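[1] sequence? don't have it. structure:
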């Protein structure tokens, strides 16, 4: 197979899949329209699907990784695309239910089914690319997951435009008109797109033949002491090593910090800017600030994606441990300084540095898993490590909400008719401090990482 199959086709399939799956980050686009459709929903209720989809996603990576290790990546990624697409299509029926029943239906379809499909599809390109590219492991895992970070950049404006009937706007430029589908039919349209794209990309995934090595690359020499070395750890063996738990704790710290900012980037900026204005804030100023917040999310997505390639490449050059430590220290410093970055340029600098490091975490840990525990069980092994992402997806946004205090309630004009509403200006200083300190501690722990000693038969 290796003589006739170009391994870069696997990367093409991986990118197609990951761009579609990365739409998990666009939930904020649906929040306001859903609250308009169900005015009885609280802020906590309308945020719940975003938290559950991340948890379902992380849990499905474990099972998807185990299954793809046995059945191969193509079948599992195809199933993931089908589950994701059907989940979103079923979510389009949410408007037919009462307010209380609608939330449960949305959690079942968008969050549980959608997250399961994303998790099953996500692990397959990573595991496959790691096996095809042992010579470029850090760079290729970064490239394989770069599309996931960029998914929100492309699909957030598509969803926003389809809901409201406004043109597809990318970085302030109206590119082409879109029909107005409303929030529920937009779920159906995106489900159809993701189903086709993920299933198509999955057809390019395949494992290399046994003993495959790229031309010109020689595998590292194995230790001969103590009998035949066992470089490939099974999941139970991996879970028994202290190094796995050290990796899990550090991954949790990075994911909690990154997801805290990704999920709250727009409201944080609005609080920064509106908190310093003389009330009442005009409708034009409020709209401009909201637009800047949305723009910050799009720019953050770019750096999230770029970080996956950049840090993966850096780690191949300087080593995983120093690259990980540098990411954690940089992310921690940015988190600790973010509360003082209250001009738009400085705010973009802060959140983009955090996004750059968060993307690096998503690229680095699959490569570290392969380095430390081998590639034979990479799917399920990384699935277990990826559970830290799921916990971080619950913890980061929860910390931001739990530690946020309302600094002021600033009145603003909601429309040209002079309707006045209040904006609750939040202080996120406590959340930034907790996440920043956690990242600095994780950076110190990263310096203690050591590859587990090879097992013997």
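    That came in fine, so what should we check first? Remember, it's a predicted structure, so these values are computed and weren't measured experimentally.
[2] Remind me what the helix ranked longest in the chain packs against, helices and strands.
    When the chain is parsed with DSSP state H, its longest helix is helix 283-318. Other helices and strands packing on helix 283-318, by 3 or more C-beta pairs under 8 Å, 6 or more residues apart in numbering; DSSP states H and E, are helix 137-164, helix 242-274, helix 320-337, helix 344-373, strand 405-413. Using the backbone N, CA and C atoms, a C-beta is placed for each residue, glycine as well.
[3] what's the spacing between residue 93 and residue 148?
    Between residue 93 and residue 148 the computed distance is 27 Å (C-beta to C-beta, to the nearest Å).
[4] Read off the pLDDT value for the closest residue to residue 340 other than its chain neighbours.
    For residue 340, ignoring the flanking residues on the chain, the nearest one in space by C-beta to C-beta, 6 or more residues apart in numbering is residue 346 at 8.0 Å. What the model reports as pLDDT for residue 346 is 95.
[5] So what's the residue count around residue 346?
    Residue 346 sits with 14 neighbouring residues when counted by other C-beta atoms under 10 Å.
[6] One more: the one 5 residues further on?
    As a burial measure, the neighbour count of residue 351 was computed by other C-beta under 10 Å and equals 25.
[7] which residues does it contact?
    Residues near residue 351 by C-beta atoms under 8 Å, 6 or more residues apart in numbering: 261, 265, 296, 299, 300, 338.
[8] Show me which pair in these is furthest apart.
    Farthest-apart pair in the contacts of residue 351 is 299 and 338; separation 15.1 Å (C-beta to C-beta).
[9] Mind checking which of these two has more residues around it?
    Using other C-beta under 10 Å, the more surrounded residue of residue 299 and residue 338 is residue 338, with 26 against 17.
[10] How about stretch 325-339, which residues are buried there?
    For stretch 325-339, burial by neighbour count (16 or more other C-beta atoms under 10 Å) applies to 325-336, 338-339.
[11] Quick one: those as TSV, columns for distance to residue 21 and pLDDT too.
    Output for the buried residues of stretch 325-339, formatted as TSV (distance: C-beta to C-beta, whole Å; pLDDT from 0 to 100):
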residue	distance to residue 21	pLDDT
325	29	95
326	28	96
327	23	96
328	26	97
329	30	97
330	26	97
331	23	97
332	28	97
333	30	97
334	26	97
335	26	96
336	32	96
338	28	95
339	32	93
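[12] Present the residues you listed as a markdown table; the columns should include distance to residue 171.
    Formatted as a markdown table, the buried residues of stretch 325-339 follow (distance: C-beta to C-beta, whole Å):
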| residue | distance to residue 171 |
| --- | --- |
| 325 | 33 |
| 326 | 29 |
| 327 | 26 |
| 328 | 30 |
| 329 | 30 |
| 330 | 25 |
| 331 | 25 |
| 332 | 29 |
| 333 | 28 |
| 334 | 23 |
| 335 | 26 |
| 336 | 29 |
| 338 | 23 |
| 339 | 27 |
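[13] and of the residues you listed, the nearest to residue 36?
    residue 338 (30.9 Å).
[14] was I right about that closest one contacting residue 432?
    Yes: between residue 338 and residue 432 a contact is recorded at 5.2 Å, counting by C-beta atoms under 8 Å.
[15] Serialize the contacts of residue 351 to a markdown table and add fields for distance to residue 179.
    Shown next, in a markdown table, are those (distance: C-beta to C-beta, whole Å):
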| residue | distance to residue 179 |
| --- | --- |
| 261 | 33 |
| 265 | 28 |
| 296 | 28 |
| 299 | 27 |
| 300 | 28 |
| 338 | 39 |
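[16] and which of the residues you listed is nearest residue 27?
    The closest of the contacts of residue 351 to residue 27 turns out to be residue 265 (C-beta to C-beta; 12.8 Å).
[17] which residues touch residue 445?
    246, 249, 250 are the contacts of residue 445 under C-beta under 8 Å, 6+ apart.
[18] Quick check: it vs residue 245, distance?
    10 Å.
[19] With residue 258 instead?
    To residue 245, residue 258 is 20 Å away according to C-beta to C-beta.
[20] re earlier: looking at the helices and strands packed on helix 283-318, which has the lowest confidence?
    When the helices and strands packed on helix 283-318 are compared by mean pLDDT, strand 405-413 comes last with a mean of 75.
[21] lowest average confidence, helix or strand, in this structure?
    strand 229-230 (a mean of 48; mean pLDDT, DSSP states H and E).
[22] Tell me the first helix or strand C-terminal of it.
    Next helix or strand after strand 229-230 toward the C-terminus (DSSP states H and E): helix 235-239.
[23] Now that following helix: buried residues?
    235, 237, 238.
[24] wait, the last one sits on residue 370?
    It refers to residue 238. No: if you go by C-beta under 8 Å, residue 238 and residue 370 don't touch, sitting 11.6 Å apart.
[25] Give me the buried positions along stretch 62-75.
    Going by neighbour count (16+ other C-beta under 10 Å), the buried part of stretch 62-75 is 62, 63, 64, 65, 66, 67, 68, 69, 73, 74.
[26] For residue 324, see how far away residue 120 is.
    Between residue 120 and residue 324 the distance is 27 Å, computed by C-beta to C-beta.
[27] Alright, I will stop here.
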